[in-house]
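Colleague: pasting the sequence and the predicted coordinates here, then a few questions.
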Amino acid sequence: MHGRIRSAPPGSPLTPEPVILDPSHPFTQMLLQQFHVWHGHHGQDSVANDVRQTYWVLKLRTAVRRTWTVCQQCKNERAQPTPPQMGQIPDARVATFIRPFTHCGMDYFGPLTVTIGRRHEKRYGVIFTCLTTRAVHLELSHDLTTDCTIMAIRRLISRRGCPGVIYSDNGTNLRGTARELKESLDQLDQTRLTAELTPRGIKWEFNPPAAPHMGGAWERLVRSVKTALRAVLKERAPREDTLITLLTEVEAILTSRPLTHVSSDPTDDNSLTPNHFLLGTPSAAPVPGVFSGDDLHLRRQWRIVQVLADHFWRRWIKEYLPTLARRTKWHGRTEKKVEVRDVVVIADDNAVRITWPKGIVTATYPGRDGLVRVADVKIQTGVFRRPVAKLCVLDVRCVSDG
C-alpha cells in the first residue's frame, strides 16, 4: 500500500508500505489466528493493533472478530450449559385421593449442636415432606449412619404410615452444608437400606448426582426449617429434649402454612394447608366447610372422615393444582439436544472453570416429553450420570468407538 508515511523514523515497528491482504484468504485467516494465539486468546483491539503495524487487512476488525469467534479453544471456554425446557410435574406431585406421605421426599440438614452434660455434641435433622400435600415431618438423628437413617424412617412409618416411594438426593447434591455431612451421606449403605425397606413395600429413588434442582420440593422446605429454627432457638446449644420440642413446633408451623391464596373476604373458606389432610383443620381451628343435608345424617364416623377428605381433595384440585402448571424458568425448548457421542464439559459451581472435566456422552435418558434431561458422561476417571443442565456441549463430536 502506497501510503504517506514513507519518512517514518528508522527502527519504528510500523511498516511504511504494508502488504494488502484479503480477509477471506486462507493465509490471512491463519495469520490472524497466529496473532490471536500470541495474545493469549483475548484482546481483539490488541490483535488488530499489532496486525496493522505490518499488514493492511481489509475490514480488519471484522476479520479479527471472526477469528475470535471460530477459535475452537475460545469456543470451549465460552461454552455454557443449556438447560432443557422445564419438564412435566412428576406423578408423585399430582397423585390425588391418597394418604399423606405416600410419596415423600427425604433430606438431611445440619449439623445442630446440643448440650449433653458439660459437653457439646452434634445432631442432624431429617426432613420428610409429602410431595402431594406438602406436609412436613421432622426427625432428629444422632449421627449419619445407616442404622440411624433406618430408625428415622421407622419412626416416620409408625407416626405417618408406610410410604410407597421415598425420593432423596445423592450426597453430592447437598449445598451449603458441612463437608462431613456430604461425606457421611455418600457412605450410606444403599444395599442395606433397600433390603430393609423392600419387605415393607417401600421403593427408594435417588436423583442424579449434582442435580439439586430435581429435589427442589424438599430443598426449599429445608430453608424454611432453618429460618423457623433461627426464630425460635434462643440458645446456641440447647439440650437434646429442648431441640426435639423445637423441631416439633417448627413442624407444626410448616404444616399450617397456606398452600393457596389467602383471601381477605371473611365469607371465603380458609386457605388450604397441609394440616387439612393431616388433622382436618388448618391448625387448632374448628373444621371448616359446609356439607349437604345427607352428609349431616351420616352415622358412621369413617364416612364423615371420608367426606372431609374428599372435600379437601376437591379443593386441592381446584385451588392448588393449577398453581403447579406455570414454569418459573427454562421456558423455551433448546435447539441443540444432547446426543450420544457429544463432547461436553461438566460444569461444577464449586470448582474453577479450568478444572471442569471434559468427557463424551455415552447414554441419554429422555423424559416423557422426549427431552433429554439426564445423561451418562465418560471422563478419564469413569462414567458419571449428570443432569443436562450441568453439561456444556462443545461443537465437536467423537467419531471413534472409544
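Modeller: It's in.
Colleague: show me the strands in the stretch 201-350 of the chain, by range?
Modeller: Under the criterion DSSP state E, counting those that start in this stretch, strands of the stretch 201-350 of the chain are mapped to 203-206, 342-346.
Colleague: quick check: which of those strands is nearest to E17?
Modeller: Among the strands of the stretch 201-350 of the chain, the nearest to E17 by Cβ to Cβ is strand 342-346 (45.6 Å). Where you see a C-beta, it was placed from the backbone N, CA and C, and this is true even at glycine.
Colleague: how about A375, what does it touch?
Modeller: V338, V344, V361, A363, T364, Y365, R385, R386, V388, L391 (Cβ atoms under 8 Å, 6 or more residues apart in numbering).
Colleague: scratch that, N207 is what I was asking about
Modeller: By Cβ under 8 Å, 6+ apart, the neighbours of N207 are Y167, S168, D169, N170, N173, M214, G215.
Colleague: okay, the strands of the stretch 201-350 of the chain, which one's buried deepest?
Modeller: Mean neighbour counts were taken over those using mean count of other Cβ atoms under 10 Å, and the top value, a mean of 21, falls to strand 342-346.
Colleague: just to revisit the earlier point, dump the contacts of A375 into a markdown table; add pLDDT as well.
Modeller: Converted to a markdown table, the contacts of A375 look like this (pLDDT from 0 to 100):
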| residue | pLDDT |
| --- | --- |
| V338 | 86 |
| V344 | 90 |
| V361 | 91 |
| A363 | 91 |
| T364 | 91 |
| Y365 | 89 |
| R385 | 87 |
| R386 | 89 |
| V388 | 88 |
| L391 | 90 |
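Colleague: which of these are buried?
Modeller: V338, V344, V361, T364, R385, R386, V388, L391 (16 or more other Cβ atoms under 10 Å).
Colleague: am I right that K59 is in contact with P23?
Modeller: Yes - between K59 and P23 there is a contact under Cβ atoms under 8 Å: 5.2 Å.
Colleague: who has more neighbours, the two?
Modeller: Between K59 and P23, counting by other Cβ atoms under 10 Å, P23 is the more crowded of the two (17 against 12).
Colleague: would you reformat the buried ones among the contacts of A375 as CSV and include distance to P81 and secondary structure?
Modeller: Below are the buried ones among the contacts of A375 laid out as CSV (distance: Cβ to Cβ, whole Å; DSSP: H, G, I helix; E, B strand; the rest coil):
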residue, distance to P81, secondary structure
V338, 10, coil
V344, 9, strand
V361, 13, strand
T364, 15, strand
R385, 15, strand
R386, 10, strand
V388, 8, helix
L391, 6, strand
